[in-house]
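A.B. asks: Provided below for reference: sequence and predicted model.
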Amino acid sequence: MNTKRFIALAGALAATLALPIGGSAKASEFLAAQSQGGAAHAKLVLRIEGLPSSDGQLLIGLYDAEDGYKTDQELIGKTVKVDDTVVEVVFDNLLVGRYAFKVFHDENSDGELNTNFMGIPSESYGFSNNASDPFSAPEWKETRFSLPRGRMTQTIDLS
């Protein structure tokens, strides 16, 4: 077989095999990014609404895998001072893919999600997709979302 043809076929096969399983990125976007010599990147804007006060801070965990989500090993963790009842937080230069986030309003800035005597959180919290479960944290499959190339805004309401 001709060496140049073999290299071209091997490259095409490698690009095809590297496509994400489950469609976390569109095949055309992935191939376009590969042909440009790099991965597709995106910006995620997290808009947090319904904060009960402008006190304290937000603690945000961004996750790119179910295992990290379950064990609280975030891809990126951010602490953001709250100065209004609506806050926007930007995550730049993320790879196109699947993500989920957890956020809570640490009103007293003690770094913990405070609870009442029954163990029910007394500070506002939320998850991507505004997912909720009355008895525990929602699962990865309920909170994950696909981040496409470019810019995406996710809005969460903590009221």
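C.D. replies: In hand now; what should we look at? Residues are numbered from 1 along each chain as shown.
A.B. asks: partner strands of whichever strand or helix holds Thr79, parallel or antiparallel?
C.D. replies: Thr79 belongs to strand 76-81 when assigned by DSSP states H and E. With DSSP bridges as the test, strand 76-81 is paired with strand 57-63 (antiparallel).
A.B. asks: contacts for the strand it pairs with?
C.D. replies: Identification of contacts with strand 57-63 by Cβ atoms under 8 Å, 6 or more residues apart in numbering yields 44, 46, 48, 69, 72-82, 87, 89, 91, 99-106, 109, 111, 140. To be clear about C-beta, it is placed using only N, CA and C from the backbone, and glycine gets the same treatment.
A.B. asks: okay, now the unreliable bits of the chain?
C.D. replies: Counting by pLDDT under 70, the ranges of the chain that qualify are 1-38.
A.B. asks: can you give me the helices in it?
C.D. replies: Secondary structure of the chain (DSSP state H): helices at 3-17, 27-35, 66-71, 140-143.
A.B. asks: which residues touch the shortest one?
C.D. replies: It stands for helix 140-143. Contacts for helix 140-143 (Cβ under 8 Å, 6+ apart): Tyr63, Glu66, Tyr69, Lys70, Ala100, Phe101, Lys102, Phe127, Ser128, Asn129, Ala131, Asp133.
A.B. asks: same check, this time on stretch 64-76
C.D. replies: 61-63, 91, 95, 97-100, 102, 140, 143-144.
A.B. asks: would you point out the most distant pair within these?
C.D. replies: The span of those, defined through Cβ to Cβ, is set by Leu95 and Lys102 at 19.6 Å.
A.B. asks: so which of those two has more stuff around it?
C.D. replies: Neighbours around Leu95 and Lys102, counted as other Cβ atoms under 10 Å, are more numerous at Lys102. The numbers are 22 against 16.
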